[in-house]
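Trainee: no sequence for this one, just the structure:
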């Protein structure tokens with residue numbers, strides 16, 4: 001799977017990359033890093049994931065986002081979202097694919113474990129996926145949103 005990562009950073013001191021995150025001030029960075037690393041490790045080797053976004057949240061930074069761009073044919077059928085600490089987050093997404101756009105959102109309780117969000121359909125020929133996590137109550141300090149689907153390299157002329 002080849003995909004181009006285009007990260008939209010909306011918060012100072014927050015980096016939205018698949019397996020790393022920087023915590024805002026007054027957050028236990030070691031705890032956030034340990035949780036984020038554990039989430040990434042639990043995803044290692046999974047063929048049903050086509051990317052993910054991690055980030056940190058705080059009272060002064062209650063929203064974070066990131067986006068992924070794809071060059072290979074990619075389909076998306078949902079998300080797995082998790083957040084750390086108390087409360088909940090709202091996960092919003094925008095999927096752009098071959099002239100169409102699909103948007104939606106879901107609330108996720110902060111249990112530290114992933115919660116499956118199913119679209120109910122599969123979006124084919126995805127070009128970009130944007131994700132926004134917003135504090136929806138309580139004090140979440142970190143989040144992870146993994147994108148479920150499949151990706152395959154394009155066929156060569158000799159393969160077809």
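Mentor: Yes, it's here. Model, not experiment: these values are computed from the prediction. Numbers count the residues shown, from 1 in each chain.
Trainee: the longest strand along the chain pairs with which strands, parallel or anti?
Mentor: Longest strand of the chain, by residue count under DSSP state E: strand 126-151. According to DSSP bridges, strand 126-151 forms sheet pairs with strand 49-56 (antiparallel), strand 63-70 (antiparallel), strand 74-97 (antiparallel).
Trainee: give me whichever of the ones you listed is most buried.
Mentor: Mean neighbour count (mean count of other Cβ atoms under 10 Å) peaks for strand 49-56 among the strands paired with strand 126-151, with a mean of 26. No exception for glycine: its C-beta is placed from N, CA and C like everyone else's.
Trainee: buried ones in stretch 138-156?
Mentor: Residues 140-151 are the ones in stretch 138-156 that count as buried (16 or more other Cβ atoms under 10 Å).
Trainee: quick one: mean pLDDT over that stretch.
Mentor: In this model, stretch 138-156 has an average pLDDT of 85.
Trainee: equivalent analysis for stretch 54-70, please.
Mentor: For stretch 54-70, the per-residue pLDDT averages 88.
Trainee: please apply the same query to stretch 86-106.
Mentor: Rounded mean pLDDT across stretch 86-106 is 94.
Trainee: run through who's touching that stretch.
Mentor: 57, 76, 79, 81, 83, 107-110, 117, 119, 123-140, 143, 145 (Cβ atoms under 8 Å, 6 or more residues apart in numbering).
Trainee: out of those residues, which are buried?
Mentor: Buried among those by 16+ other Cβ under 10 Å: 57, 76, 79, 81, 83, 108-110, 117, 119, 123, 126, 128-136, 140, 143, 145.
Trainee: thinking again about what came up before, among the strands paired with strand 126-151, which is nearest residue 38?
Mentor: strand 74-97 (10.0 Å; Cβ to Cβ).
Trainee: any idea which helix or strand comes after the closest one?
Mentor: Later in the chain than strand 74-97, the nearest helix or strand by DSSP states H and E is strand 100-109.
Trainee: give the pairing partners of that following strand; include direction for each.
Mentor: Here, using DSSP bridges, strand 100-109 pairs with strand 74-97 (antiparallel).
Trainee: how close does residue 37 sit to residue 54?
Mentor: 10 Å (Cβ to Cβ, to the nearest Å).
Trainee: same check on residue 117?
Mentor: Following Cβ to Cβ, the distance that separates residue 117 from residue 54 is 16 Å.
Trainee: do residue 81 as well
Mentor: Counting by Cβ to Cβ, the gap from residue 81 to residue 54 is 11 Å.
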